[in-house]
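Chemist: no sequence on this one, just coordinates:
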Ligand SMILES: Cc1ncc(COP(=O)(O)O)c(C=O)c1O
């Protein structure tokens with residue numbers, strides 16, 4: 001009766017059941033999986049959403065790629081990060097997830113083609129590809145003091161079905177940023193094999209130390225789509241404004257934009273109020289971004305200090321983003337450790353297997369939590385991990 005593309009209801013596993021039990025018992029939980037900045041105790045300027053009520057939005061002017069002032073504001077924002085993009089190559093979407101869906105429709109023939117996805121990375125890719133009937137072929141990131149792309153794995157897994165390579169930089173949850181060399185290697189492979197590069201940069205504004213920002217490789221030798229949005233850059237996931245910048249050889253960009261226009265025109269999903277408000281939201285979101293950046297940096301520094309006292313525990317190096325990975329002794333399964341932490345210590349964390357880490361035992365913590373709760377949660381985690 002239902003399409004096999006729609007993932008079924010997730011079977012309740014031991015962890016979801018334990019979370020439900022803890023919530024039913026109204027236990028206080030230190031949540032180190034928090035990914036929603038709007039409930040993480042940040043102070044949002046009271047006037048931030050005022051422009052959503054601008055009466056200019058009473059007039060509907062359907063534009064497949066978005067209203068020109070909004071696209072220009074996004075292009076200016078790329079400039080802030082040192083990336084030069086022309087506004088006529090900016091396409092607005094309701095979210096990054098929607099941008100992925102548009103791109104799968106643009107680049108892939110359903111039920112035939114595939115995209116390559118990094119592992120470990122954002123778990124939603126499996127659903128996003130499946131819902132568009134697109135196959136996904138994993139390629140590995142390996143950790144040798146920093147995360148690197150396993151390029152040989154890409155070559156050996158590549159088939160003529162591959163239409164795009166997805167790269168997430170900074171990656172969720174590893175916090176790794178592609179080096180210029182890795183970006184170049186990926187782009188050269190895509191160019192040589194007629195595939196596109198999809199670069200998810202939603203965490204690019206959150207370098208964990210001042211030294212390392214996302215590397216910008218321009219000009220790209222292949223058709224390239226850089227994805228971003230207010231969800232992370234202004235801590236506003238509920239506002240629903242994402243975007244992509246289309247780059248690469250002119251002929252490929254023009255052809256892609258012509259076909260993308262039809263897809264965007266079919267849905268016209270970005271609301272007029274958010275487009276009218278976009279310049280003000282991007283400008284006003286800077287204050288929230290700064291607050292998030294200060295917090296993730298402080299929490300990562302605290303984690304580094306606290307983990308340093310536990311020789312059996314290894315904090316993996318992260319360049320940027322909202323999460324950190326800790327390698328812990330494999331004295332029990334990740335699932336058992338996470339359950340014990342929840343049930344005995346009142347701390348919720350993600351096990352590495354949630355993100356498809358290659359083996360056990362890894363724990364992923366969100367750096368978004370309020371500092372006092374974060375430090376207390378990490379203290380309990382470290383004690384439990386070595387107990
Ligand atoms: C790597 C990555 N890309 C995209 C998204 C989703 O962004 P959006 O809210 O714009 O769909 C997330 C959300 O956590 C993410 O981690």
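Modeler: Sure thing, it's come through. As the structure is a prediction and not an experimental result, all values here were calculated from the model.
Chemist: Can you list the neighbours in contact with the top strand by length along the chain?
Modeler: Longest strand in the chain, counting residues (DSSP state E): strand 135-143. Residues outside strand 135-143 that contact it (Cβ atoms under 8 Å, 6 or more residues apart in numbering) are 113-121, 125-126, 129-130, 147-150, 153-154, 157-159, 161-162, 165, 171, 174, 176, 316, 356, 358. Yep, even glycine has a C-beta here, placed from its N, CA and C like the rest.
Chemist: what does this structure have sitting close to the ligand?
Modeler: For the chain, the residues in contact with the ligand (Cβ under 6 Å from any ligand atom) are 35, 95-97, 122, 168, 172, 200, 202, 229, 231, 237, 242.
Chemist: Give me the mean pLDDT for the helix or strand encompassing residue 252.
Modeler: Following DSSP states H and E, the helix or strand that holds residue 252 is helix 250-267. Averaging pLDDT along helix 250-267 yields 98.
Chemist: residues contacting residue 383?
Modeler: With Cβ under 8 Å, 6+ apart as the criterion, the residues that contact residue 383 are residue 345.
Chemist: pLDDT wise, what is residue 117 at?
Modeler: 98.
Chemist: Look up how far the ligand lies from residue 149.
Modeler: According to Cβ to the nearest ligand atom, to the nearest Å, residue 149 and the ligand sit 16 Å apart.
Chemist: Report the spatially closest residue to that residue, excluding sequence-adjacent ones.
Modeler: Excluding the flanking residues, the one nearest residue 149 by Cβ to Cβ, 6 or more residues apart in numbering is residue 182, at 4.9 Å.
Chemist: Buried residues, whichever strand or helix holds that neighbour. List them.
Modeler: Per DSSP H and E, residue 182 falls inside helix 180-193. Within helix 180-193, the residues that count as buried by 16 or more other Cβ atoms under 10 Å are 182, 183, 186, 187, 189, 190, 191.
Chemist: And the contacts of that helix?
Modeler: 148-149, 151, 154-155, 158, 162, 164-165, 167, 169, 178, 195-197, 199, 215, 217, 220-224.
Chemist: Report the rounded mean pLDDT for it.
Modeler: Average pLDDT, helix 180-193: 96.
Chemist: contacts for stretch 229-236?
Modeler: Applying Cβ under 8 Å, 6+ apart, the external contacts of stretch 229-236 come out as 37-38, 42, 44, 48, 77, 93, 95-96, 99, 202-206, 237, 239, 241-243, 281-282, 284-286, 288-289, 291-292, 322.
Chemist: Buried ones among those?
Modeler: 37, 44, 48, 77, 93, 95-96, 99, 202-206, 237, 239, 241-243, 281-282, 284-285, 288-289, 291-292, 322.
Chemist: Which ones among the contacts of strand 135-143 map onto strands?
Modeler: 114, 115, 116, 117, 118, 119, 147, 148, 149, 162, 165.
Chemist: contacting residues around the residue lying closest to residue 253 once chain neighbours are set aside?
Modeler: Nearest non-adjacent residue to residue 253, counting by Cβ to Cβ, 6+ apart: residue 246, 5.3 Å away. Neighbour list for residue 246: 89, 90, 91, 223, 224, 225, 253, 256, 257, 260 [criterion: Cβ under 8 Å, 6+ apart].
Chemist: The fifth one contacts residue 249, correct?
Modeler: Right, residue 224. No - with contacts defined as Cβ atoms under 8 Å, residue 224 does not count as touching residue 249, sitting 9.6 Å away.
Chemist: what about the two, which has more around it?
Modeler: residue 224 (29 against 15; other Cβ atoms under 10 Å).
Chemist: Kindly state the beta-bridge partners for the more buried one.
Modeler: residue 197, residue 247 (DSSP bridges).
Chemist: For residue 101, see how far away it is.
Modeler: Note on residue 224: its distance to residue 101, by Cβ to Cβ, to the nearest Å, is 18 Å.
Chemist: ok but residue 318 is inside a strand, no?
Modeler: No - under DSSP: H, G, I helix; E, B strand; the rest coil, residue 318 sits outside any strand and is assigned coil.
Chemist: wait, it sits on residue 171?
Modeler: No - checked against Cβ under 8 Å, the pair residue 318 and residue 171 is beyond contact range at 9.1 Å.
Chemist: Look at the closest residue in space to residue 119 that isn't next to it in sequence and report its pLDDT.
Modeler: Using Cβ to Cβ, 6+ apart and skipping residues adjacent in sequence, the residue nearest residue 119 is residue 138, 4.3 Å away. Predicted confidence (pLDDT) for residue 138: 97.
Chemist: Kindly confirm my reading that residue 283 is in a helix.
Modeler: Yes - Residue 283 forms part of a helix when assessed by three-state DSSP.
Chemist: residues contacting it?
Modeler: Counted by Cβ under 8 Å, 6+ apart, residue 283 has contacts residue 73.
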